[in-house]
Structures are given as structure tokens and as C-alpha cells.
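**Student:** Any chance you can model this:
(chains A and B)
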Amino acid sequence: MNDAAALRRTLLYVPGNMPSMLQNIPIFNCDCVFIDLEDAVPLNEKDAARLLVRSFLEGYKERNKEIFYRINPLDTEWGFDDLRTVLPALPDGVRLPKADTPEIVERLDTFLTECEENLGIEIGKFKIIPSIESALGVINCIKIARCSSRVIALAFGAEDYTASMGIERSKTGEELFHARTRVVWAAKAAGIQAIDTIFPDVNDEESFEKEVRLSKRLGFTGKSLINPRQIDVVHKVFAPTKEEIDFALEVIDAILKAREMGTGVISLRGKMIDAPIVKRSSNVLKTAASLGLVDYEISDEVIYGTK
Amino acid sequence: MALNSLGRYVPETFNGIKRTPYNSEALLTPQGNEYSRPVKIVRPGERKLLSGLREAIIASGLKDGMTIATHHHLRNGDFLLNQVVKEIDALGIRNITIASSSVHPVHAEIIPYIKKGVITSLECGVNGPVGEAASKGEIDCPIIVRSHGGRARSMMTGEVVVDVAFVAAPCCDEYGNMNGYFGPSACGSLGYSHVDARYAKTVVAVTDNLVPYPVCPVVIPQTCIDYVVQVESLGDPKKIVSTTTRVTKDPIGLMIAKYAAEVIRASGLLKNGFSFQTGAGGTSLAVADNVRRMMLEEKIKGSFGSGGITGYFVDMLEEGLFQTLLDVQCFDLRAVESISKNMCHQEISADTYANPFNCGAVVNMLDAVILGATEVDVDFNVNVNTESNGYLLHNTGGHTDTAAGAKLAIIVAPSIRGRLPIILDQVTTVTTPGENIDVIVTERGIAVNSKHEDLKKELIKAKIPVKDIHDLRKEITQITGVPRPVEFTDDVIALVEYRDGSIIDSVRRVKE
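**Tutor:** Model (predicted):
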């Protein structure tokens, strides 16, 4: 799958030390999960949680969503053990906390390559989502976004970021504006996705929805979540409108006809349709299909043609 | 022992009476006339007000071997049944049958009187300790579990003859007119008592709120009431209708509720005139919440909401989403308040609500009902009576009646409860036959009864995760493993009646 086009609107944190929550991962309707071995897990449960997550993933054969897991930072005593224990159970990738510099990400990249060689699997299978969650991380995020081909998205983390700034996080998030924008720029410039921070007050649905609307307007492609109740709100906000869907269907129809006729250049209602428009249309249809708004399976061939 | 059509062994005779094994959901055909009680007279100038419960028991002529009844509108706050049983014991009366509309944990106080022989059988289902004691073999007291409609039927046909009914009356006058709307023990609808007032040989109104004649509005009239007794208190108001009925916040419950609401929409029933019933559980209310939003969005005007009524349904009535509420029992204070003020919030009797043997009960007019389960099986049979430990802990309520009557009966249940799988090869006890159940909704998938292929297709089209019930069971037991079955002795402690009185299952004593 072309990674930049993968649907990652909702990325739900699930505590790695709670079997009752882990067992529900297959049934949540989010696009991805972050199984957490870091903040959610108390110090005296770090090793048990690691083993639990590994055995859960080994039994979760029919994966119906992307599985990332958040390891402990690499400079802690747990970070590498988290990698060694869980990677053989083949998660899709790692959310790397405190990814303040490209060097930290490169260190993880090297380790992942070694693991892939040892496991005899394709190099580059394990993806990385660096957490941009400090002033330093925000400053470095442009380099971080491009430091490894494994980095498929940047995830902004406002709780640690505000702590590193010595400021309070507000519900309206004015204090986050600049950092958010920079993370989105860095991601977009590198051609990867941008994931917005969690919203901590599960019971305040109204403010949450406002924040999701803001995330979407700024260019974020998805949001980290702390409760399954938040999933549907994000999907609703990120849902394409009927006009967007109709236009996308027309674009895809036009490009299919063009490919049949063997021409690369196509036009729709007298306007040139180029690759970015096709790509956007394909994203609209994927999102719409995931919500049951259209009955349309789109293949990468449609977007990029056959060689 | 006879084998019924669901493959359950049920006794041919129980508590000295010949029983009919359940054969099909098609219902037996009733024979003969309605039971009728003796003709009465209260002459001008005669008074009904007696000085206390004991005097009322004496006046009623209650003797060894007779049957009494109370209602359970005061639920776990009820004082009356315990008081009556104590007085009966004090008068030296023995071998009494209780045919109340339900027995609750608060009535654990009657267990010593069962051991003593004051109470020797229960013509009603039980919630909590009494059932547990029977399941453990601590008491010897045959129990017949009936649905709300089944109880009304059994009194109408005379299968159960109540000699003396004690009706807790939250608002009552000295001539016996009553309602449940006002007073310290206000409980709203008195739906279950209407049949007692009509068929019991003697009816005693018991009140803690005696008001000047005449009570207004009259819900149960003076013409049915033999005696009136004033007591200090009918119950603990904190426990009467105090259940906080709120939409669940549990993500799994919410997911189940969302699916259930989508099933209703996909069924095509959600249109003008829609009628609906749910229980008071958090997940059921979440279904109602989803349905409410759909109705508002699509500007649908429903016809009625029925059953046990919650504040949630009152809101829907006031928003114009229902024309009327048909209320056999109020689940919370908001419902109590509404029934006392709103003409469109109507009280109905258990007979009108759910009796299979009349000219048509309200349940027959229901479009969709949301019901719970302690277990379901691959034949869609549902158990609400016994728990995974084999104990008889819950009464049937309106489960079987509404499942049978409604066009769409949906069971909502989490797939796993306390490490135990909810979908089994065979339920421990059949409360409601699979023939009456249309859809089972869990967070791991939705199973549709094979008699509804069209609905199944619609659900698949709407991208609802429909699964074969056998696959769903397998998926769940892969997580939980298969629990070791509870072991039972051969002693039958209770029978579970289907609506028509045929025996759908028997409950045996647990091997401890």
C-alpha cells in the first residue's frame, strides 16, 4: 500500500498492561492503535506488559487495523527490551516518544533494521511514528520527518510539549498553534502524515469536536485518542461531503477512461486533472468507503497507472 | 420427565399439578371462561378501614394452605411483603403460597419463614437471595417463574387463585380508591396490581398516605377493594424507584448500542408510527439515545413507547417522538412525575401489557424491543433467569412477552462478562425461546436468526458486522476458553413457564 495514502484518522491509545482492553482491539473501529508501554504502564509492570502485548499480538492473526506500539524512550532501561520482546510478534511499527532529534530516530531505525534481518523479514517493514513533544522536538521536526524512510507520520504530543514549555494547556489550544503548524509543515514537506495530539477531557465532547475541526483545518490527517468514545467524532469530522465524494467519483471515472484511451493528460469539464487531484480524490473515496458512504474499492493502479 | 420441543427435560407433574411441556411459540389455545371471584357487597354505612395488617389478615379469612400476593412496584424498597409474612406467622397460619408479581433481594427476610413452613411455595419468579437459597438446597419451596403477561394469564384462567392480595397503595382513600402517583412511597404506575384487584378473592389496600375521599385520579377503584389499612411506611423511598437510569459511558456498551440502533434502522421499522421498548440498563438507554437521534434527524414521529418507563422515554414523549407512553411500571422518579401529570403517559395493567390470553396485548403492537441476557445460545435461546453459577437469581419480567410480541426482538449483550463467554452451545436455562429472538448484538458481531434472511442482507448492505452465530461463539471462546459446566442434581427447584403456561425449562438444584 502507498503509505502516504493509508487511512490514519483515528489512532487509539490502549494500555499495554490491561488484558480486558487489549482483547477489544480487534473490535474498535479506529484506523490504528497505539498499544502503550510507556506512560500507561506503572514501573513495576513494564516487563509483564511487554509479554502481554507480545502474546496478544501473536494471537491476533486477522489484523483489521494498523498496530503501532509506544515503547519507553530509548534512553530508559526499558526502551530496547520493549523492542526486543514485542517486535517478533510483528506490529506494524513503533511510536517513539521523546523523538527530539533526528539522531534518536536514526538509532531506532538502525535497531529495527537489525531486528528485521534477524527475523528474516522485509527491511523497512517496521514503521516509525516519532512523537514531537518538546520545544526541541518542534524545532527539529523538519529534519526528523525526513531522517528515515520508516517515518510515515509525525505525531504531535501537547501534554509533554506544554510541560517542556512550562505552560498550561487550554481547551482552545492557542498556545499550541505555532507548534502544531510547524509539525504539519514538516510532515507535508516530507510527504508524510501529521497526527494531532490527544484531547484529555473525554466527557467534554463539544470542545473535543471543536479541536478535531481545528486539526482538520490545519492539515492534520488524524488524531491520537485516549478513549474509544472519541473515534466516531473524528470520523464524522473527517468525513467528506457529498459534493466532495461526487467530484472524486467523476475524477476517478475520467482517469479510468483516459487510461483506456492511452492518454496521460485528462480533463474534466474543461479543466486539467493532474496527479495531485487524482490522489486527493482517491483519498476522499477511501475515507468515504470506510464510512460506508460509497461502495467503491479503489486500487493504487487507478491512482498511479500500471507500469 | 418429558422432553419439550427445545430438548429440555421438564417434569410432567410439579408441586402436585400436571404440567404441559412447551411445544412451540404458536401458543396454546385457551379453553373455558375467565376465572371469576365471588360476588361482593359493601352496604351503605359499612367501613373498610381496619386498624392494622393483622386485623386485615383476620378479616380476609386467610387460612392454612391459601395464597397471597403483593406487587413489586416498590422494588427493592418494599416493606409490605415482609410485614405481611411476619403477621401471618404471628397468627399461626402455615403452608402459604406467595403469588406476588416478583420477589426482590429485600425479601430475603422471608427465608426463615420458608424454613419454618409458613411459606411453602412461590407462584412467582424471584430476584436474589430466595432463588439462591433454593438453588443451594437451603430451602424446600417449589417456584414457578412466570413472565409479566404469564402471571396475568395464570390469574385470569384461574391456574393461580389468589385468596388475599395486599396492594401497596401510595395514595389511597378510606374506601380503597388508589393511585401510585403521590405520597412518600409514590411509585407511578400500579400496572401489576390491576390483575390482583380484579381476580383476587379478597383485596386489601395498604397505604402510608391516606387521603380524604375520593382519590383523584382513581387508578384502581373502590369497587375492587375489600379493606383498607394504614401503615407507617410502605417502603424505603430511596430504594423504590431510585435507580439512576443513565446512558452508559462504557465504550463496549456504546458500541453495542450503536449496532443495535443501526439494526433497527436497517429493519425498515423506523418510520412514522414506530413503537419501541427498552429496559433501564445503561446499554438499553444508549440504544434509545441513538434511536432518538435518528428519529430527530429523520423527523420521525413514533406511536408509543411501552413497558417499564424511564425518564429517557419521558423526554422522547415530551419531544414529540412518541404520541403516548404505555406504562406498566415506572423505573425512575422522572417517570413517576410524568405519569401523574401527562395525559399522554398512560398507565396500563399487566394484562393489557402482555397477557397472551386476551383480545390482544400491547406487546403485539410493538415494532422493536431491546432486551438483555445473562446467556444466549447458538439456537438463539435466551437465559435471563439463572447466572453462570447455576443459581436462580432473576425474574423473567416482560422478556418473553415482548420478544414474542414485537416484530423485531433484539438482544444486546457484551460478548464476554467477567471472563465468561455469553454465547454458548446451550444456555443453562431457557427463559425465552430462540423462535422469539430475531437478532443478537454483541460488540464482536451481530447474529441474525436464520428466519430473517432479508434483514441479514440489509444489515450486510449497511456494513454492520453480521456473523454466523456459530462463528461468533467460536471467536468468543477462542478468547475465553470453554468454562467448565455447572453441575446440577436431579432435584427440580423451579419451573420456567412460557407465556401460555407450558413449561419451557426447569431449574435444578446446584451440586455444591
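
**Student:** For chain A, which helix or strand comes out least confident on mean pLDDT?
**Tutor:** helix A:300-304 (a mean of 67; mean pLDDT, DSSP states H and E).

**Student:** show me what contacts the nearest residue to A:E122 once chain neighbours are set aside?
**Tutor:** Distance criterion CB to CB, 6 or more residues apart in numbering or on different chains; nearest residue to A:E122, sequence neighbours excluded, is A:E116 at 6.9 Å. Heads up, the C-betas are built off the backbone N, CA and C, glycines and all. A:E116 is in contact with A:E122, A:I123, A:G124, A:K125, A:F126, counting by CB atoms under 8 Å, 6 or more residues apart in numbering or on different chains.

**Student:** Please report how far A:E116 lies from chain B.
**Tutor:** Using CB to the nearest CB, to the nearest Å, A:E116 is found at 29 Å from chain B.

**Student:** is it true that that residue lies in a strand?
**Tutor:** No - A:E116 is assigned helix when assessed by DSSP: H, G, I helix; E, B strand; the rest coil, not a strand.

**Student:** Look at it and report its pLDDT.
**Tutor:** A:E116 is assigned a predicted lDDT (pLDDT) of 97.

**Student:** again with A:M272
**Tutor:** 80.

**Student:** Doesn't it belong to a helix?
**Tutor:** No - going by three-state DSSP, the assignment for A:M272 is strand, not a helix.

**Student:** the helices in the stretch 1-150 of chain A, which residues?
**Tutor:** Here the stretch 1-150 of chain A has its helices, by DSSP state H, counting those that start in this stretch, at A:19-22, A:46-59, A:79-86, A:102-119, A:135-146.

**Student:** hey, least reliable of the ones you listed by pLDDT?
**Tutor:** Lowest mean pLDDT of these: helix A:19-22, a mean of 90.

**Student:** What helices and strands are in contact with it?
**Tutor:** strand A:10-15, helix A:46-59 (3 or more CB pairs under 8 Å, 6 or more residues apart in numbering or on different chains; DSSP states H and E).

**Student:** Tell me how many other residues crowd residue 80.
**Tutor:** As the question left the chain open, I've gone with chain A. 15 (other CB atoms under 10 Å in any protein chain shown).

**Student:** actually chain B
**Tutor:** 24.

**Student:** repeat for A:T181
**Tutor:** A:T181, neighbours per other CB under 10 Å, totals 13.

**Student:** how much space is there between the residue of the stretch 351-500 of chain B found nearest chain A and B:R499?
**Tutor:** Per CB to the nearest CB, B:K463 is where the stretch 351-500 of chain B lies closest to chain A, at 4.2 Å. B:K463 sits 36 Å away from B:R499, taking CB to CB, to the nearest Å as the criterion.

**Student:** higher neighbour count, the two?
**Tutor:** B:R499 (32 against 14).

**Student:** residues contacting that one?
**Tutor:** With CB under 8 Å, 6+ apart, B:R499 has these contacts: B:L27, B:S147, B:G149, B:G150, B:R153, B:A354, B:P356, B:T400, B:D401, B:A404.

**Student:** and the residues you listed as TSV, adding pLDDT, secondary structure and distance to chain A?
**Tutor:** TSV is the format used below for the contacts of B:R499 (pLDDT from 0 to 100; DSSP: H, G, I helix; E, B strand; the rest coil; distance: CB to the nearest CB, whole Å):
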residue	pLDDT	secondary structure	distance to chain A
B:L27	90	coil	38
B:S147	97	coil	33
B:G149	98	helix	36
B:G150	98	helix	37
B:R153	98	helix	41
B:A354	98	helix	35
B:P356	97	coil	38
B:T400	97	helix	30
B:D401	98	helix	32
B:A404	98	helix	31
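
**Student:** And stretch A:291-299, end to end?
**Tutor:** 17 Å (CA to CA, to the nearest Å).

**Student:** Just give the number of residues close to whichever residue of the stretch 1-150 of chain A sits closest to chain B.
**Tutor:** Nearest to chain B in the stretch 1-150 of chain A, going by CB to the nearest CB, is A:I27, at a distance of 5.1 Å. By the criterion of other CB under 10 Å, A:I27 has 17 neighbours.
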